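Q: Sequence first, predicted coordinates after that:
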Amino acid sequence: MRVGVLGLGAVGARATRQLAATGSVDEVLVDDPDPSRVAAVVGAIDPRVRHGLHGDAEAPDVVVLAGPAPHLRLAEGWLRAGSHVVSVSDDRDDVTDLLELDGLARSEGRALVVGAGFAPGLSCLLVAHARRFLDTVDELHVAKHGTGGPECAKQHHRALAGIAVDWHDGEWQQRPAGAGRELCWFPDPVGGLDCYRAELPDSLLLHRAVPEASRIIGRMSATRRDRFTARLPMLLPPHPEGLAGAVRVELRGSVAGRREIRVLGALDRPAAVAGAVGAVVAVALGGDVAGLGTMRTVGAGGVGELVSDATAMLLELARRGVRAAVFDGSATSSSPS
Amino acid sequence: MKFLRRALLAVAGAAIIAGALRVRGKGGVPPQGGGWRELPLDDPT
């Protein structure tokens, strides 16, 4: 299979490396507005990685959009060209627009996987995996900590100044970002961090994956400085790449009529995870790969919605170094939401 | 005028207290037991 990667920042370079390490991938075509990034990636990873992902060339089987949002135009173009598309965007407006390409994706007989990164992305896989072990799910709470590359840091900054949209008792509820504090406990050594509602796309994607949940809330960690300066321009330029990040999903539901809570999480560099998730999803879309399970290959949706076997995909991610964790214990949340 | 000054003072005081509460938050309860372990993907969680 041939896979294209557009955008060679912290996520795109990782996705390219992951794809080049996959036996079923014959060729990885990459492109980026910055020629130095292209040169660095093409020369360093694998002979199968080549520069050239132009509209006039034969469309790859799958295109991974790993550059800064918005991805709408690019996704539309590659769907029309006959490629499956994987977007790692975590911008809520962009995710909303991408989901509206469902009709186009269906008419072209192609899939558009939206939010295939760290959170959303790995978080959706964790939810889909944990969902299998509950009879009913009432509530989903997702929290993330950390950022990937500079674009991700800018998105983190914007998300704290926007409007959070949560699914609450059968309707979308808008709340100001930066409110709704909850002390969330991530896998060690990140531990407990204050998390707040933010302009995140998680609830949009998880509502499609788990429509029976009556409450879906996305949060992210933020410091006091983050919240005070959220509505100002970024005071410091974003770092090249953030340190360790973490994601945590909490499902509240029932098993055999008994209340149950499942808490899963993961700890890693967000850009590395996003690259791995984007690559694994692209490989799953491109063909029947043994042990990877299958994905719905027509229409637009999040990873948790389109994947048929989240456990198999988590296993593949674990083989690539992205390991998930489960919390055994009690009193996982500081307050009701 | 005196009433207006008192009202403004009260509003300013309330804003300072509200701001302090918003920044400080109300604390939280750490997990009382248990811990994280690697997710066993071949077994039910």
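A: Here it is on my side, so go on.

Q: so how many other residues sit close to residue 19?
A: By default, I'm working from chain A. A:L19 has 30 neighbouring residues, counting by other Cβ atoms under 10 Å in any protein chain shown. C-beta: built from backbone N, CA, C; applies to glycine.

Q: nope, chain B please
A: When neighbours are counted by other Cβ under 10 Å, B:G19 registers 11.

Q: Also A:A161?
A: For A:A161, using other Cβ under 10 Å, the count is 17.

Q: which non-adjacent residue is nearest it?
A: Residue nearest to A:A161 in three dimensions, not counting chain neighbours: A:A230, with 4.1 Å by Cβ to Cβ, 6 or more residues apart in numbering or on different chains.

Q: Could you list which residues are in contact with that neighbour?
A: A:A230 sits next to A:H157, A:L160, A:A161, A:A177, A:G178, A:A222 when contact means Cβ atoms under 8 Å, 6 or more residues apart in numbering or on different chains.

Q: From A:R158, how far out is it?
A: To A:R158, A:A230 is 8 Å away according to Cβ to Cβ, to the nearest Å.

Q: what's the answer for A:D166, then?
A: 18 Å.

Q: Can you pull the phi and psi angles for the residue nearest to A:A161?
A: Dihedral pair for A:A230: phi -60, psi -30, per degrees, to the nearest 10.

Q: what about whichever residue of chain B sits closest to chain A, which helix or strand?
A: Closest to chain A within chain B is B:G34: 1.9 Å, counting by Cβ to the nearest Cβ. Taking DSSP states H and E as the definition, one finds B:G34 inside strand B:33-38.

Q: What's opposite the residue of the stretch 101-250 of chain A found nearest chain B in the beta bridge?
A: Among the residues of the stretch 101-250 of chain A, A:L183 lies nearest to chain B; the distance is 2.7 Å by Cβ to the nearest Cβ. Beta-bridge partners recorded for A:L183 (DSSP bridges): A:D194.

Q: And the pLDDT at it?
A: The per-residue pLDDT reported for A:L183 equals 90.

Q: now it: how far from A:V249?
A: A:L183 is 16 Å from A:V249, by Cβ to Cβ.

Q: follow-up on the earlier one: would you mind measuring from the residue of chain B closest to chain A to A:L267?
A: Separation of B:G34 from A:L267 (Cβ to Cβ) stands at 17 Å.

Q: Compare these two (neighbour count), which wins?
A: A:L267 (22 against 14).

Q: so what's that one up against?
A: A:F186, A:P187, A:D188, A:P189, A:V190, A:A244, A:G245, A:A246, A:A325.

Q: can you check A:M220 too?
A: A:M220 touches A:A119, A:A143, A:K144, A:H145, A:H156, A:A159, A:L160, A:C195, A:Y196, A:A198, A:L200, counting by Cβ under 8 Å, 6+ apart.

Q: what about A:A153, is that helix, strand or coil?
A: helix (DSSP: H, G, I helix; E, B strand; the rest coil).

Q: correct me, but it touches A:L160?
A: No: contact between A:A153 and A:L160 fails when scored by Cβ atoms under 8 Å: they sit 11.5 Å apart.

Q: Show me what from the stretch 1-150 of chain A comes close to chain B.
A: A:H129, A:A130, A:R132, A:F133 (Cβ under 8 Å from any Cβ of the partner chain).

Q: Kindly apply the preceding question to the stretch 151-300 of chain A instead.
A: Counting by Cβ under 8 Å from any Cβ, the stretch 151-300 of chain A sits next to chain B at A:181-183, A:185, A:187-188, A:192, A:194, A:224, A:227-228, A:262, A:264-265.

Q: Select, from these, the two members most distant in space.
A: Put simply, by Cβ to Cβ the two of these set farthest apart are A:F228 and A:R262, 34.7 Å from each other.

Q: Name the residue in these two with the higher neighbour count.
A: A:R262 (23 against 15).

Q: coming back round to it: please narrow the residues of the stretch 151-300 of chain A next to chain B to those residing in helices.
A: Within those, residues falling in helices by DSSP state H are A:R224, A:R227, A:F228.

Q: got the contact list for the host helix or strand of B:L21?
A: Using DSSP H and E, B:L21 sits in helix B:2-24. Helix B:2-24 has contacts (Cβ under 8 Å, 6+ apart) with A:R224, A:R227, A:F228.

Q: could I get the residues you listed as TSV with distance to A:L236 and pLDDT?
A: Shown next, in TSV, are the contacts of helix B:2-24 (distance: Cβ to Cβ, whole Å; pLDDT from 0 to 100):
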residue	distance to A:L236	pLDDT
A:R224	15	83
A:R227	16	83
A:F228	14	80
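
Q: And these, which is closest to A:D46?
A: Distance to A:D46 across the contacts of helix B:2-24 (Cβ to Cβ) is lowest for A:R227, with 42.9 Å.

Q: Could you give the number of residues near the closest one?
A: Neighbours around A:R227, by other Cβ under 10 Å: 19.

Q: Skipping its backbone neighbours, what lies nearest it in space?
A: A:G178 is the one closest to A:R227 (Cβ to Cβ, 6+ apart), at 4.8 Å.

Q: Return the distance of whichever strand or helix holds A:M220 from the chain's centre.
A: If you go by DSSP H and E, A:M220 is part of strand A:215-221. The gap between where strand A:215-221 is centred and where its chain is centred comes out at 14 Å by Cα atoms, centre = their mean, to the nearest Å.
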